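Visitor: no sequence on this one, just coordinates:
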């Protein structure tokens, strides 16, 4: 019986990411989506405005269009009286009521806010002076026709969709979301909802990664559970090659039933196997090829906490690169440790903590198998490779797990 | 011609929110969703585990199940030799190969990692001692049968879905997403995609709020544009009463064409009209009633930047309360102001800034109409009511607009 050995070499997180992310290019696929579906999407080309915004000089307030010079010297105590007109062309001494967004009548060059006026029969008393241009939104003030409003690569937000709508757009061209095939593996894994026998467990990493991948900005699909057989794994990976990224869970270590790295080798290349991260050491990164197509693959360990951390550390940046998206930024907060935490030298540790009143309490976990350590945690503290731990009372930065 | 006056009284932001949020209760509607759709959803009842997790004692590592006492005294240089067995019941001096997740054979009480062993014919050399329980995940260690795993009100995250799956769940009962009717109003507003004439503009606040409401956790619907006519507005609000929240855009000020507050009054109550916030002063908050049902309403101003800020300040917390969700927390960063910024005393200002290398540069905006001030901004600096501004060089907290 041949026996397996552990990882001979553990790659550092940064080099592992470098090697992996440099092994593939962003996806070139684009699609046109309605503005209602444009949130968080990334522009695949520059957006040029087809018109000025606003496309006419407009009042920025409810009030009265005036000649600014007519108001000079007026104040709360000493108003100026202007004749109310409804003509499109005003002369000196006149004013015309305008609403927010009304075109400015010819001859007017400012708007007095309604709050600073008093009605006075056929006239309006202006109680305060305005300067030329005041309370007017000039043609093209927001955006000029032909301006590049947004550059290719911009990730859109709701106010961007509003701006695009105000320029006349109803849809926009964006990069397609990376399609991610998630393949849960393991002969001990049974379908969700089925009662597992001894030695068996319900599939859980697949659905967890399904939700993570959606958060990363990808479009996930979950494959049926694949047992630990080379032929079956190979078949599943061939299906996965039709996607932009493959994420497997389970079987990524170096045990007898850990076949995934071998199968990846046989179909492409394992670029990294074993990373200096805790939890999450037994992760493999590489690519598989079939029918002239190459697809990157992240093989996550089956232990839930390791699976979750490796997913965030390796699968997230891969999805982001494929989809031309900026890397995730998480909310962080400084906190004081309530207990000492250790970390093995040479590893970067993600220690899960509970946050309360500025205090971070490390969760007591015996190993990477404690899924609840990710679920219970409010966040994690990263202990760098060259630090062996932190003392109670140390200030640490907690990254939220929300 | 009757003339309108400005807001006589501006309510402070906190009291406005208090008054508004206390005028309605969270929605009681619940629904059952598959775990694939459970991200960010809020549990409507406690979740009790139907079983222990794990449901048997299992190996937490690939390696060999042993009696810990057999390994005492062994080390890298002086290993202990144990006889390899495949029996389900082990005796002293034996070991059995196990994989991550394998049941622990009877008689064993620890697992030696494969990395700390060497094959030696029919025996295994154990190079280091283990203590009883080491590398074993005990039955119920993660979760015990009958434990309340998650309390009612918890907002779920991907690792929670994983934990629920591992406990045998495939779906979960959550509060329904608040359904929000967004009603763009204004006789000057024309449909998106149509070329606007002078004095007209394309509908843009509706789609902006559609995306915001999705981010808040609500389920938005956009109503057709409603012109400034009391009957039409009334009709639209009656439709809106079928939803959990109504958000209107435009016509919320006190001008001649600002009818929405009057219409709300005639159908229910305006609780707040005019808030000490800049941009965003002309916001109205209240409720409308019809057919025995009462629905809260947020009337946003039509000016895009004001509309965006008021939406985040007032509509977001309303959606969160209706859906039993925790309030939004945004990423913030400290930065140094590059220019002086002013704020009118008594108002809370949301000054939009560009962030670069720890420096916050205020955007030059003339008024609330500059939509691009929200779109261009990386974030905003809040100037409290009792502060009239900040100096160049002051350290400020920037809240990201992402």
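Guide: That came through, no problem. Please read all numbers here as calculations on a predicted model, not as lab measurements.
Visitor: And the helices in the stretch 101-250 of chain A?
Guide: Assigned by DSSP state H, counting those that start in this stretch, the stretch 101-250 of chain A shows helices spanning A:158-166, A:205-216, A:230-240.
Visitor: Next one: the shortest one, is it in contact with chain B?
Guide: Yes. Residues of helix A:158-166 contacting chain B under CB under 8 Å from any CB of the partner chain: A:158-163, A:165-166. No exception for glycine: its C-beta is placed from N, CA and C like everyone else's.
Visitor: What is the burial count for residue A:276?
Guide: A count of neighbours around residue A:276, defined by other CB atoms under 10 Å in any protein chain shown, yields 22.
Visitor: so it touches residue A:13, yeah?
Guide: Yes. Residue A:276 is within contact range of residue A:13, at 6.5 Å (criterion: CB atoms under 8 Å).
Visitor: Quick check: neighbours shared by these two?
Guide: residue A:348 (CB atoms under 8 Å, 6 or more residues apart in numbering or on different chains).
Visitor: Would you reformat the residues of helix A:158-166 next to chain B as CSV and include pLDDT?
Guide: Converted to CSV, the residues of helix A:158-166 next to chain B look like this (pLDDT from 0 to 100):
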residue, pLDDT
A:158, 97
A:159, 95
A:160, 95
A:161, 96
A:162, 94
A:163, 90
A:165, 94
A:166, 88
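Visitor: Let me know the closest of these to residue A:303.
Guide: Closest approach between these and residue A:303, by CB to CB: residue A:158, at 38.4 Å.
Visitor: Show me the shaky parts of chain A.
Guide: Filtered on pLDDT under 70, chain A yields the residue ranges A:1-6, A:8, A:366-372.
Visitor: Could you chop it up by domain?
Guide: As given by automatic domain parsing, the domain ranges for chain A are A:13-28+A:177-322, A:30-53+A:141-175, A:58-137, A:332-400.
Visitor: ranking those by burial, who's on top?
Guide: Most buried of the domains of chain A by mean neighbour count (mean count of other CB atoms under 10 Å in any protein chain shown) is domain A:13-28+A:177-322; its value is a mean of 22.
Visitor: quick one on the thing from earlier: could the domains of chain A be laid out in TSV, adding distance to residue B:349?
Guide: Listed next are these as TSV, based on distance: least, CB to CB, whole Å:
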stretch	distance to residue B:349
domain A:13-28+A:177-322	33
domain A:30-53+A:141-175	18
domain A:58-137	17
domain A:332-400	25
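Visitor: wait, doesn't residue A:44 sit right on residue A:33?
Guide: No. Here residue A:44 does not reach residue A:33: they are 10.7 Å apart, not a contact under CB under 8 Å.
Visitor: quick one: common contacting residues for the two?
Guide: Residues within reach of residue A:44 and of residue A:33 at once, by CB under 8 Å, 6+ apart, are residue A:174.
Visitor: Now residue A:51: closest residue in space, sequence neighbours ignored.
Guide: Once flanking residues are discounted, residue A:51 sits nearest to residue A:145: 5.1 Å by CB to CB, 6 or more residues apart in numbering or on different chains.
Visitor: for residue A:100, same thing?
Guide: In space, residue A:100 is closest to residue A:62, 5.5 Å off (CB to CB, 6+ apart).
Visitor: give me every residue that touches the one you found.
Guide: Residue A:62 touches A:98-100, A:113-114, B:4, B:253-256, B:258, counting by CB under 8 Å, 6+ apart.
Visitor: again, only this time at 10 Å
Guide: A:97-102, A:111, A:113-115, A:135, B:4, B:6, B:253-258, B:282 (CB atoms under 10 Å, 6 or more residues apart in numbering or on different chains).
Visitor: Next: residue A:377.
Guide: Residue A:377 sits next to A:305, A:308, A:350-355, A:360-363, A:365, A:398, A:400-401, B:157, B:159 when contact means CB under 10 Å, 6+ apart.
Visitor: Residue A:187 too?
Guide: With contact taken as CB under 10 Å, 6+ apart, residue A:187 is in contact with A:199-200, A:225-229, A:232, A:250-251, A:257, B:99, B:101.
Visitor: how far away is the nearest residue to residue A:131 once chain neighbours are set aside from chain B?
Guide: Spatial nearest neighbour of residue A:131, excluding adjacent residues (CB to CB, 6+ apart): residue A:68 at 5.6 Å. Computed as CB to the nearest CB, to the nearest Å, the residue A:68 to chain B distance reads 15 Å.
Visitor: Look up how far residue A:74 lies from residue A:68.
Guide: Residue A:68 is 11 Å from residue A:74, where distance means CB to CB, to the nearest Å.
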